[in-house]
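[1] Sequence and computational prediction follow.
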Amino acid sequence: MHDPSQAHRPQPEPGPAGPGPAPYHPAPGPAEGAPYSPEPAGQVPAEGAPYYPRPAEGGPYYPGPEAWRAPPAPAARTVPPPPGTRYDHLARTRLNRWWRPVVGTAVIAVAFVGIGLIVILAGSVIAGIVGIPLVMSGDRLFGDPVFELSVLLLSIAAVLPVVFLTAWLTQRRPPGTLSSVLGRLRWRWLLVCLGVALVALILGQTAMVATYAVTGEDLGNLFGWVGWERFLPGLVVILVLVPFQAAAEEYMFRGWVIQAFGAYLRTPWPGILLGAALFTSLHAYTDWGIIDVFSFGALMGWLAVRTGGLEAPIALHVVNNVVSFLPAAAAGELGDALRQGAVPWQALSGTVVQLAFFTVVVVIIAHKRSIQTVS
C-alpha cells in the first residue's frame, strides 16, 4: 500500500558513480534455540563470574566480554644468577643490593655465636640429667670426652641451616648457589673428591711419619688402642657429626664469605684470604699450626672458585677431621684431641704432600671430566 508520508520525503541524489551507500542493517542476534559451544579448554571462568557461552562453529556471532584469562603468576621469591656466572659471583643476581651481603654476614655471625651458646647450654642441662660431670675450666667443658665432642661438633653443624636460610631470605637467591654453580651439591663429583682426599691423606700421613722418623721423634705416641668398647662410641660420633661440622665451616668460610666479597669485587682473592683468616681464628692452634690451618683454608677457597663449588673443599675437610679424631679415639685420648695448640714443624711435611697431591689431582680430573665452573 502506498504510504503518503513518504511522498514528500527528500530522496538522496545519486552520485556520479552510482547510488549512495547501502543502508546499515545490524547483524541479527542469535536465533532462539541456536546451539552454543562451551568455552575452549583452559579458559574456565573464575568462580562467581558471569558465563558467556561461545556460539557453535558456523553459528551467528554474539558480541560479549573478552575471554577469561588466568591472573599473572606471582613473582618468584628467589632469582638465580645469570648464565656464565663464576662461583664467587653467584650472589650477583638482579635483586642484589649493596646491603644484602652486609646484613646476611651479620646474621650468620650472630647465629654462629648464639647457636653455639644454646647448644652448649643444652648440653650442660643434658649432662646434669644423665650424670656427666661438668668441668667448665680450661679447654674442657664436660668430664666425658665423647659427650664433649658431640656438643662441640653440634654447636658448629647447627649453623648450616642458618647459612642456607640467610641466602634465601636476605639475598633472595636459591640457597643451592652456595653449593655450586649448578645450584646444588654435585654428589658424584663429591664422591670423586672424597676418593682423591683419601689417597692424599695416606700420602700425607706417610710423609709425616717419615719426617718424624728421620728427625728422631718418638712415634710411640702416634698410635694406640683402647679397645672396642671405648672406641665405638667415639667412632659413631665422629662418622655421624664430623661431615656436618666440616660442611658447615666450608659453607660459612668458603661459601658465604667468598660470595659476599664477590658481590662487590671482580677478584676472588680478598674473600679467599679473609675466609682463611677467619677459619684460622676459629681454631686455637699456635706456631706452625697457624700456617697449617691458614694454608688449608686459602687453598680450599681457591679450589672452590676453580672447580665451581664446595665439593672438593668439603671432601678434604671431612677426611682431615675424621683422621684427626680417629687415632685419638682409638687410643682413648679424645680429650687431648680437643685441645689445640702448638703443632710440630714435622707435621707440615704431611700437610704439604697432602694439599699438593689433592689440588693437582682434583684440578686434572675436573678438567678431564669438564666439571662446570660457571652457572
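    Arrived safely, thanks for sending. Residues are numbered from 1 along each chain as shown.

[2] Can you identify the element that follows the strand or helix carrying Gly128 toward the C-terminus?
    Assigned by DSSP states H and E, Gly128 falls within helix 99-130. Sequence-wise, the next helix or strand downstream of helix 99-130 (DSSP H and E) is strand 134-137.

[3] State the mean pLDDT of that following strand.
    For strand 134-137, the mean per-residue pLDDT is 80.

[4] Tell me the strands beside whichever helix or strand comes after that strand, with direction?
    Using DSSP H and E, the next helix or strand after strand 134-137 towards the C-terminus is strand 140-142. Here strand 140-142 is paired, per DSSP bridges, with strand 134-137 (antiparallel).

[5] Quick check: buried residues in the helix holding Gly128?
    Residues 100-101, 104-105, 107-108, 111-112, 115-116, 119-120, 123-124, 127 are the ones in helix 99-130 that count as buried (16 or more other C-beta atoms under 10 Å). In short, each C-beta sits where N, CA and C put it, glycine included.

[6] and that helix, average pLDDT?
    95.

[7] Show me what that helix packs onto, helices and strands only.
    strand 134-137, strand 140-142, helix 145-157, helix 160-169, helix 257-262 (3 or more C-beta pairs under 8 Å, 6 or more residues apart in numbering; DSSP states H and E).

[8] Out of those, which gets nearest to Thr286?
    Closest of the helices and strands packed on helix 99-130 to Thr286 is strand 140-142, at 18.3 Å (criterion: C-beta to C-beta).

[9] Identify the residues contacting the closest one?
    Contacts to strand 140-142, defined as C-beta atoms under 8 Å, 6 or more residues apart in numbering, come from residues 120, 123-124, 127, 132-135, 148, 151-152, 335, 338.

[10] Check stretch 104-111 too.
    159, 162-163, 166-167, 170-171, 252, 256-257, 260.

[11] Is there a neighbour count for Leu95? I'd like the number.
    Around Leu95 there are 13 other residues, counting by other C-beta atoms under 10 Å.

[12] Which residues are in contact with it?
    79, 171-173.

[13] Out of those residues, grab the one that's most surrounded.
    Gln171 (28 neighbours).

[14] which residues sit in contact with that residue?
    91, 93, 95-96, 100-101, 104.

[15] in what helix or strand does it lie?
    Judged by DSSP H and E, Gln171 forms part of no helix or strand.

[16] what do you get for Ile290?
    Assigned by DSSP H and E, Ile290 belongs to helix 288-307.

[17] List the buried residues in that helix.
    For helix 288-307, by 16+ other C-beta under 10 Å, it's 288-289, 292-307.

[18] Tell me the secondary structure at the residue nearest to Gly176 when sequence neighbours are not counted.
    Sequence neighbours aside, Gly183 is the residue nearest to Gly176 in space, at 4.0 Å (criterion: C-beta to C-beta, 6 or more residues apart in numbering). Assigned by DSSP: H, G, I helix; E, B strand; the rest coil, the conformation of Gly183 is coil.

[19] Could you do Val199 as well?
    helix.

[20] pLDDT on the helix or strand just after the helix holding Ile290, on average?
    Following helix 288-307 in sequence order, the next helix or strand is helix 311-330 (DSSP H and E). Here helix 311-330 scores 92 as its mean pLDDT.

[21] in the stretch 101-250 of the chain, what spans have low per-residue confidence?
    The stretch 101-250 of the chain contains residues with pLDDT under 70 at 138, 218-223.

[22] swap the cut-off to 80 and go again
    Residue ranges of the stretch 101-250 of the chain with pLDDT under 80: 136-140, 216-224, 226.

[23] swap in the stretch 251-375 of the chain?
    Using pLDDT under 80, the flagged stretches of the stretch 251-375 of the chain are 284, 332-333, 335-343.

[24] circling back: just flag the most distant two among the contacts of stretch 104-111.
    Spatial extent of these (C-beta to C-beta) is set by the pair Val159 and Gln171 at 17.0 Å.

[25] Of all the helices and strands packed on helix 99-130, which one comes closest to Gly227?
    Evaluated with C-beta to C-beta, those place helix 145-157 nearest to Gly227, the distance being 14.0 Å.

[26] can you give me the angle that closest one makes with helix 311-330?
    160 degrees (axes from the mean of the first three to the mean of the last three C-alpha atoms, to 10 degrees).

[27] Show me what helix 145-157 packs onto, helices and strands only.
    Under the contact definition 3+ C-beta pairs under 8 Å, 6+ apart, helix 145-157 sits against helix 99-130, strand 140-142, helix 228-250, helix 334-337.

[28] what's the closest of the ones you listed to Tyr264?
    helix 99-130 (7.4 Å).

[29] between the closest one and helix 228-250, how big is the angle?
    Angle of helix 99-130 versus helix 228-250, following the same axes, to 10 degrees, is 160 degrees.
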